[in-house]
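1. Just need the structure, nothing else, for what follows:
(2 chains)
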Amino acid sequence: MALLEVNDIHTYYGNIHALKGVSLSVEAGEIVSLIGANGAGKTTTLRTISGLLRPRQGSIKFKGEDLASFPAHDLVYKGISMVPEGRGVFSRLTVQENLEMGAYSRKDNIASDLERIFGIFPRLKERRKQVAGTLSGGEQQMLATGRALMSRPSLLLMDEPSMGLAPILVEGIFDTIQEINQEGTTILLVEQNALMALQVASRGYVLQTGEVVLEDTAENLRKNQMVQNAYLGIQ
Amino acid sequence: MEFDFTRFAEQLINGLTVGSFYALIALGYTMVYGVLTMINFAHGEIFMMGAYIGLFSLNRMVDAGLYERSPITAIILTFLAGMAGAALTGVTIERLAYRPLRRAARLAPLISAIGISIFLQEFVRILPAMGEQVMGLRIAGNPIFPPGWQEAVIGVLEDFGGVQVKTYPGIFTTDGFYLGEVYVTYSRVIILVISMLTMVGLWLLVKFSRLGKAMRAVSEDKDVAALMGINVNRVISQTFLIGSALAGLAGVMQGMFYLQIRNTMGFVPGIKAFTAAVLGGIGNIPGAMLGGYTLGLAEVIGIQFLPAIYKDVVAFGLLVLILIFKPTGILGEALTEKKM
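-> Numbering: from 1, shown residues only, chains lettered A, B, ... in the order given. So this is what the prediction gives:
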């Protein structure tokens, strides 16, 4: 049984049919990448899985349980956590408060988790008392990632973690993604930076206008002619 | 015009007292604006409901002899009843009149709020008459309710609301003490102390408690707050609960210290407190407190130079000036695109 099973979901924005039957699965321990152009439905897929949007049709199963009846705020208790598009840090809260919000779902002691996050991102420790709105883009990405990890998720959804970051920071972010995965967190990664995404992932899905047009191992996708032309910029 | 320092100092204390009311009510406006980006124009009526429910409870305790036995207990219970009643009113309004409009255009909840404001004013005013009508209903010529009930129910409703001005028993006298040349009544001191302690408590709650942090998170981004596991609707309810309880506190204080209450009493303080919230920076909690006291003081300083009848002109003139020159208020930050 896969950790996450998405089966033929259709999501609408009003009358706009944004997802036209997306199916995908993520096994425990994997990094799976979802690549595609702007407007292909990558973010919509993640927002549907996280419960922020409701599919009109299709099912989402996590650890075998159907998520349809759960509101978004219940999913973190089930073990799903998300780094939202555009990072979504609480800009008027301090770095530390943001991390505490990440652990909102937990009643136990979070001190060791804070230390763990500060271990992965020492910059956050230096700035823990600072208001998050004053952080740089890269630091905000670290904070959003650290915050999502504070709930100790079994599945981490990441939406465009490289967006708007300087190339030198992008590599750091992807190193961190691998590090987090090696510590045991399964990751579903949405990226426009297909090259990097397919380097860290074991498998990938290619989304086009709301449909999965291709799925394969990351290695095969990197070699695929269509993927090379459309997403890797290789002619 | 000769400057009379003693009189001016008395006016300053007066300004701080009035400012306490503005600040307490302004907090409700600003907290609701923080989480919903809407102005709850029925907030003045929540203040009014607090005063009515407080008086009704106090009367019950006077009837039961509790007030005579232990006035302090009765006064504290009156405050708690007024706050609880106002809180219940606020939470119910949000649930029935605002939540269904959460995804509607910005104007819709605003109009709904104005409707609720008129509804509450009229509800309190015509409640006894309404009770009389209902209790007088007949089926096939026979009254539904036995005559004994009629009297009892109408009596209770008349004790609660009605067309006439209602009056709190005069608990607090004009006793006081001299601070130098300046006479300060104990009731003023009590108002200032209760208000300030409440506001410090609120500030601590928002700054340090789990609920306070959740409120701040919801006010920044509801979707991301939900991803953290925060039940956004519940936090919005709790925000209404706290903001309304503060208005209820102000309502009971109004009755206890100024005695007369009426169904329209919420209108002017409501608009003044809204002005205070905008003055301090709408959505900003310390801003609402600062705005409340600033407005209270501005009014009394203004009428040093203008006839007293111009007090409201000073307050609303200030509102116009802020909206023109610093729409984000004293402590407000520039609106981000998301908030717009």
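2. CA atoms for contacts and neighbours, from now on please.
-> OK.
3. where exactly do the helices run in the stretch 51-200 of chain B?
-> B:66-69, B:71-93, B:107-135, B:147-160, B:186-208 (DSSP state H, counting those that start in this stretch).
4. Check chain A for the residue nearest chain B and tell me.
-> In chain A, the residue found nearest to chain B is A:His73; the distance is 4.1 Å by Cα to the nearest Cα.
5. Can you pull the poorly scored residue ranges out of chain A?
-> A:235 (pLDDT under 70).
6. Alongside chain B, which residues does it contribute?
-> Residues of chain A found near chain B (Cα under 8 Å from any Cα of the partner chain) are A:50, A:52, A:72-77, A:81-82, A:84, A:88, A:90-93, A:97, A:101-105, A:148.
7. can we see that at 6 Å?
-> By Cα under 6 Å from any Cα of the partner chain, the residues of chain A that approach chain B are A:72-74, A:76, A:102, A:105.
8. So which elements touch the host helix or strand of A:Leu188?
-> Taking DSSP states H and E as the definition, one finds A:Leu188 inside strand A:186-191. With contacts taken as 3 or more Cα pairs under 6 Å, 6 or more residues apart in numbering or on different chains; DSSP states H and E, strand A:186-191 sits against strand A:31-36, strand A:155-159.
9. Sheet-wise, list the partners of it with their directions.
-> Applying DSSP bridges, strand A:186-191 is found paired with strand A:31-36 (parallel), strand A:155-159 (parallel).
10. Show me how far it is from its chain's centre.
-> Put simply, strand A:186-191 sits 5 Å off its chain's centre (Cα atoms, centre = their mean, to the nearest Å).
11. which residues touch it?
-> With contact meaning Cα atoms under 6 Å, 6 or more residues apart in numbering or on different chains, strand A:186-191 is reached by A:28-35, A:155-160.
12. Just the buried ones from the residues you listed?
-> Neighbour counting over the contacts of strand A:186-191 (16 or more other Cα atoms under 10 Å in any protein chain shown) leaves A:28-35, A:155-160 as the buried ones.
13. Could you save these as a markdown table and add columns showing distance to B:Thr239?
-> Output for the buried ones among the contacts of strand A:186-191, formatted as a markdown table (distance: Cα to Cα, whole Å):
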| residue | distance to B:Thr239 |
| --- | --- |
| A:Ala28 | 40 |
| A:Gly29 | 40 |
| A:Glu30 | 41 |
| A:Ile31 | 40 |
| A:Val32 | 40 |
| A:Ser33 | 40 |
| A:Leu34 | 39 |
| A:Ile35 | 40 |
| A:Leu155 | 32 |
| A:Leu156 | 31 |
| A:Leu157 | 30 |
| A:Met158 | 31 |
| A:Asp159 | 31 |
| A:Glu160 | 33 |
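14. ok, the spatially most central residue of chain A - contacts?
-> Geometric centre of chain A, nearest residue: A:Met158, 1.3 Å, by Cα atoms, centre = their mean. Residues near A:Met158 by Cα under 6 Å, 6+ apart: A:82-83, A:189.
15. again with B:Ala245
-> B:83, B:86-87.
16. Most neighbours out of those residues, which is it?
-> Neighbour counts for these (other Cα atoms under 10 Å in any protein chain shown) peak at B:Ala86, which has 34 neighbours.
17. ok, now how distant is the residue nearest to the centre of chain A from A:Ser91?
-> Noted for A:Met158: a distance of 19 Å to A:Ser91, by Cα to Cα, to the nearest Å.
18. go on, B:Thr167?
-> Taken as Cα to Cα, the span from B:Thr167 to A:Ser91 is 48 Å.
19. The two - which one has more neighbours?
-> A:Ser91 (18 against 15).
20. B:Leu192: neighbour count?
-> 19.
21. In chain B, which residue sits nearest chain A?
-> For chain B, Cα to the nearest Cα, closest residue to chain A: B:Gly229, 4.1 Å.
22. Tell me, how many residues neighbour that residue?
-> Neighbour tally, B:Gly229, other Cα under 10 Å: 24.
23. what do you get for B:Pro143?
-> Neighbour tally, B:Pro143, other Cα under 10 Å: 13.
24. about what we covered before: compile the contacts of B:Ala245 into a markdown table and extend it with columns for distance to A:Glu179 and pLDDT.
-> As requested, those are arranged in a markdown table below (distance: Cα to Cα, whole Å; pLDDT from 0 to 100):
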| residue | distance to A:Glu179 | pLDDT |
| --- | --- | --- |
| B:Met83 | 52 | 98 |
| B:Ala86 | 52 | 98 |
| B:Ala87 | 49 | 98 |
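25. and which of the residues you listed is nearest to A:Leu143?
-> A:Leu143 has its nearest neighbour among those in B:Ala87, at 36.5 Å by Cα to Cα.
26. quick one, what contacts the closest one?
-> By Cα under 6 Å, 6+ apart, the contact list for B:Ala87 reads B:241, B:244-245.
27. Identify, by residue count, the longest helix of chain B.
-> Longest helix in chain B, counting residues (DSSP state H): helix B:5-36.
28. tilt between that one and helix B:186-208?
-> 30 degrees (axes from the mean of the first three to the mean of the last three Cα atoms, to 10 degrees).
29. does helix B:5-36 come close to chain A?
-> No: between helix B:5-36 and chain A, judged by Cα under 6 Å from any Cα, nothing touches; the nearest distance is 12.3 Å.
30. tell me what that helix is packed against?
-> Using 3+ Cα pairs under 6 Å, 6+ apart: helix B:5-36 touches helix B:210-220, helix B:232-258, helix B:267-280, helix B:285-305.
31. List the buried residues for the third one?
-> Neighbour-count burial for helix B:267-280, with 16+ other Cα under 10 Å as criterion, is recorded at B:267, B:269-280.
32. Next, the angle from the longest helix of chain B to helix B:267-280.
-> 80 degrees.
33. List the buried residues for helix B:5-36?
-> B:9-36.
34. Report the spatially nearest residue to B:Phe316, omitting neighbours in sequence.
-> B:Thr275 (7.3 Å; Cα to Cα, 6 or more residues apart in numbering or on different chains).
35. mind checking how far that neighbour is from A:Gly172?
-> For B:Thr275 relative to A:Gly172 (Cα to Cα), the value is 49 Å.
36. Also B:Gly201?
-> Distance from B:Gly201 to A:Gly172, by Cα to Cα: 43 Å.
37. so who does the residue nearest to B:Asn40 when sequence neighbours are not counted touch?
-> Nearest non-adjacent residue to B:Asn40, counting by Cα to Cα, 6+ apart: B:Ala113, 5.8 Å away. Listed by Cα under 6 Å, 6+ apart, the contact partners of B:Ala113 are B:40-42.
38. Out of the residues you listed, which comes closest to B:Ala214?
-> Closest to B:Ala214 out of the contacts of B:Ala113 is B:Asn40 (20.6 Å), distances taken as Cα to Cα.
39. Make sure that closest one is indeed in a helix.
-> No: counting by DSSP: H, G, I helix; E, B strand; the rest coil, B:Asn40 falls outside a helix, being coil.
40. and it, how many neighbours does it have?
-> Neighbours of B:Asn40 (other Cα under 10 Å): 29.
41. List phi and psi for it.
-> phi -80, psi 90 (degrees, to the nearest 10).
42. And stretch B:253-272, what's buried?
-> Within stretch B:253-272, judged by 16+ other Cα under 10 Å, the buried ones are B:253-257, B:259-267, B:269-272.
43. Against B:Phe56, how distant is A:Val206?
-> Using Cα to Cα, we find A:Val206 at a distance of 67 Å from B:Phe56.
44. B:Tyr183 bridge partners, please.
-> B:Tyr178.
45. In terms of pLDDT, where does it sit?
-> We note a pLDDT of 88 for B:Tyr183 in this prediction.
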